[in-house]
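K.L.:
sharing a sequence plus its predicted fold:
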Amino acid sequence: MQSAPEKSDLNAAGFRAAILDPVREKPATVEGPRGKQAVKRFNVYRNNVTVSLINALADIFPAVMRITGETLFRDMAREFVRAHPPVSPLLFLYGHDFPAFIEHFEHARRMPYLADVARVERAWLTAYHAADLEPLDPQALAKIAPEDLEGAMFKPHPATGLIRSPYAAFDIFDANRNRETIGRIDVTRPQDVLVTRPGMDVTVTGLPQGHGAFFASLIAGDCLGDAAEAGARASSAFDINEAIGGMFATGAFLSVTTEQT
Amino acid sequence: MTKATKTAFSGAVLAGAVAAAISGAQLVTATDAAAANVKCYGVAMAGQNDCAAGPGTTCQGTSTVDYQGNAWKYVEEGSCASMELPGERMGSLEPLERDMPS
């Protein structure tokens, strides 16, 4: 009886590389009973690995698949899987590079919004698995003296993700995930999308004009005064009351600090 | 970066916004948030979060065969045709060949 090969042996024998590359020969260390060739056996395994990774992407990016259709999606996913195999055995961490891959995928070029929809979907799953932490209590902000508010800085909640898209990423995501029928969507309307998880449920919010710049500034660590200015610069419709209300309603932040503390 | 930078948003304006937000926010916290903290299984819309935790968290059969085919002839089977790109081509997949230089 042979002992099971160590992980490093599998790598050295080209097992890992051969699994995702159909052109490569079966690794020499893999053989059937009584030293028989095991090409078919290896191909079964090879198939299952590829299919399961494609299925994983289909589970993470259902809206993208609905937009492209299953055939294109699986072809695109297969190329991605081969070029970017998982680096973690935890499959819910997979696919962070998929949006960038989509951006350069020849057959998705006529869907320029697709990568941003994928970014929203990846942020959704990241938010789902983020640490369970209570978002910032609005009262913590009420306790800060008015003269210190401008310099207040916020730490984002671990679930928080912001996607700033030149396309209607929110409308497209929402329609393809949540609606049975999809009307016509003008994709050229730029939209900023905030993904948060205030409780146990992931929340995806299409932000009003100017709020994308406001949240981006806060997430980058700028103080509240600068973030408000960034929002106002981005849109004349920017409303600070609405923006601060949005900070609490979405639960995008974890804690606040002022210069005094 | 600091409060030394004077902005159009004074402390009073920001404090007013915070106060206004809190009166609204408390309504949300008191009702919805408590309910949202209970995970509900089995009530999700299909395709949305019936496998909300994502791949690798359930046992998936892999009976599908990966044909490894690169046909690149995509029929319009997705919803991409609903996405309008004014002034450009629509999201449709079909015109692939029409775009080819002759």
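P.N.:
Now that the structure is in, tell me what you want to look at.
K.L.:
find the closest residue to chain B in the stretch 51-200 of chain A.
P.N.:
For the stretch 51-200 of chain A, the residue closest to chain B is A:Leu91, as judged by CB to the nearest CB, at 2.9 Å. For the C-beta atoms, the positions are set from N, CA and C on the backbone; glycine is no exception.
K.L.:
how much space separates that residue from B:Ala8?
P.N.:
Distance, A:Leu91 to B:Ala8, using CB to CB, to the nearest Å: 48 Å.
K.L.:
out of these two, which sits in the busier spot?
P.N.:
Taking other CB atoms under 10 Å in any protein chain shown, A:Leu91 and B:Ala8 do not tie; A:Leu91 has more neighbours (20 against 11).
K.L.:
just to check, that one is in contact with A:Ala56?
P.N.:
Yes: A:Leu91 is in contact with A:Ala56 according to CB atoms under 8 Å; the separation is 4.7 Å.
K.L.:
the longest helix belonging to chain B and chain A in contact?
P.N.:
Using DSSP state H to define each element, chain B has its longest helix at helix B:11-28. Yes: applying CB under 8 Å from any CB of the partner chain, one finds helix B:11-28 touching chain A at B:11-22, B:24-26, B:28.
K.L.:
among these, name the buried ones.
P.N.:
Using 16 or more other CB atoms under 10 Å in any protein chain shown as the burial test, the residues of helix B:11-28 next to chain A include B:11, B:13-18, B:21-22, B:25, B:28 as buried.
K.L.:
immediately after the helix or strand of chain B with the lowest mean pLDDT, which helix or strand?
P.N.:
Least confident helix or strand of chain B, by mean pLDDT, DSSP states H and E, is helix B:34-36 with a mean of 47. Next along the chain after helix B:34-36, taking DSSP states H and E as the criterion, comes strand B:83-84.
K.L.:
as CSV, could you dump the C-alpha coordinates of the longest helix seen in chain A?
P.N.:
Counting residues, the longest helix found in chain A (DSSP H) is helix A:39-60. Provided in CSV are the C-alpha atoms of helix A:39-60 (Å, rounded to 0.1, in the frame of the first residue of the first chain):
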residue,chain,number,x,y,z
VAL,A,39,-6.0,9.0,-19.1
LYS,A,40,-9.8,8.5,-19.0
ARG,A,41,-9.8,8.5,-15.3
PHE,A,42,-7.7,11.6,-15.1
ASN,A,43,-10.0,13.3,-17.6
VAL,A,44,-13.0,12.6,-15.4
TYR,A,45,-11.3,14.3,-12.6
ARG,A,46,-10.1,17.1,-14.8
ASN,A,47,-13.7,17.6,-16.0
ASN,A,48,-15.1,17.7,-12.5
VAL,A,49,-12.6,20.3,-11.3
THR,A,50,-13.3,22.6,-14.3
VAL,A,51,-17.1,22.2,-14.1
SER,A,52,-17.2,22.8,-10.4
LEU,A,53,-15.2,26.0,-10.7
ILE,A,54,-17.4,27.2,-13.6
ASN,A,55,-20.5,26.3,-11.5
ALA,A,56,-18.9,28.3,-8.6
LEU,A,57,-18.7,31.4,-10.8
ALA,A,58,-22.2,30.9,-12.0
ASP,A,59,-23.4,30.9,-8.4
ILE,A,60,-21.4,34.0,-7.6
